[in-house]
Every structure is written in structure tokens, then in C-alpha cells.
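J.: 3D model of this:
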Amino acid sequence: MFEWLDFSDVAEDLTKNPEEAYIRSSIDRHYYSLFSSSREYLIKKRNKHYLKIGGRDIHQKVKEELLNPEDLNQNELGEIVDELRK
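T.: Numbers count the residues shown, from 1 in each chain. A predicted model of the protein is given here:
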């Protein structure tokens, strides 16, 4: 199974090049690393199985779940996801 957190390593490598395309790609990789890891966490650990179904608003649904946490760390993730999407 693909490890979404590996995208963070790729993102870090991309930041070594100061060109705009690399910086933008780095931000995208960080976002998808966080988003996909959070989605898997919510499905596996919080039993939010409805998140398995994609759709246009899946990013919004994950963000909302993270911002309405069962623990405080989850809320922090929601704020980060929200900020990266801007």
C-alpha cells in the first residue's frame, strides 16, 4: 500500500529548487500527504467509512471531520488542511 507520508519527503526534495514550479509542486505534495493520511486515519481509526467514497466534496468532508474532532490533535490537522487549501 502506498505510504502517503512519503509525499512529504518528495515535497522536501522539491523545495531545494527555488523555481516557482518546484515550490508549487512541493506545496501540492505536502497537501496531498496530509489530506490522504488524514483521510485514512479517519476511516481506519474513527470509523468514518463514508469517506471511502470520493466525490467532488471529499476534501471538504475530510476538513470538516478534522475540524470537529474527537481529540484536539485532530482539530490542529483540520486547521492545517484548511490553510493549505487556500
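J.: kindly check the end-to-end length of stretch 48-63 for me.
T.: Distance between the boundary residues of stretch 48-63 (Cα to Cα, to the nearest Å) amounts to 13 Å.
J.: go on, stretch 48-66?
T.: Stretch 48-66 has an end-to-end distance of 11 Å (Cα to Cα).
J.: any buried residues in that stretch, and which?
T.: Using 16 or more other Cβ atoms under 10 Å as the test for burial, stretch 48-66 gives 51, 59, 61-63, 65-66. From N, CA and C alone the C-beta is placed, and that goes for glycine too.
J.: what's the average pLDDT for that stretch?
T.: The average of the pLDDT scores along stretch 48-66 is 90.
J.: nearest to residue 4, of the buried residues of stretch 48-66?
T.: Set against residue 4, the nearest of these by Cβ to Cβ is residue 62 (12.4 Å).
J.: could you report the pLDDT at the residue lying closest to that closest one once chain neighbours are set aside?
T.: Distances taken as Cβ to Cβ, 6 or more residues apart in numbering put residue 39 closest to residue 62, at 5.1 Å, once the chain neighbours are dropped. Per-residue pLDDT puts residue 39 at 93.
J.: residue 76 now?
T.: Model confidence at residue 76, given as pLDDT, is 72.
J.: quick revisit: keep only those of the buried residues of stretch 48-66 that are in helices.
T.: 59, 61-63, 65-66 (DSSP state H).
J.: any idea which of those residues is closest to residue 81?
T.: residue 63 (5.1 Å).
J.: make TSV out of the ones in helices among the buried residues of stretch 48-66 and add distance to residue 16.
T.: Below are those laid out as TSV (distance: Cβ to Cβ, whole Å):
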residue	distance to residue 16
59	28
61	34
62	29
63	29
65	34
66	30
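J.: from the centroid of the protein, which residue is nearest?
T.: residue 35 (1.5 Å; Cα atoms, centre = their mean).
J.: quick check on it: phi, psi?
T.: Dihedral pair for residue 35: phi -60, psi -50, per degrees, to the nearest 10.
J.: helices of the chain, start to end?
T.: Along the chain, counting by DSSP H, helices occupy 6-14, 20-45, 58-67, 72-85.
J.: no further queries at this time; thank you.
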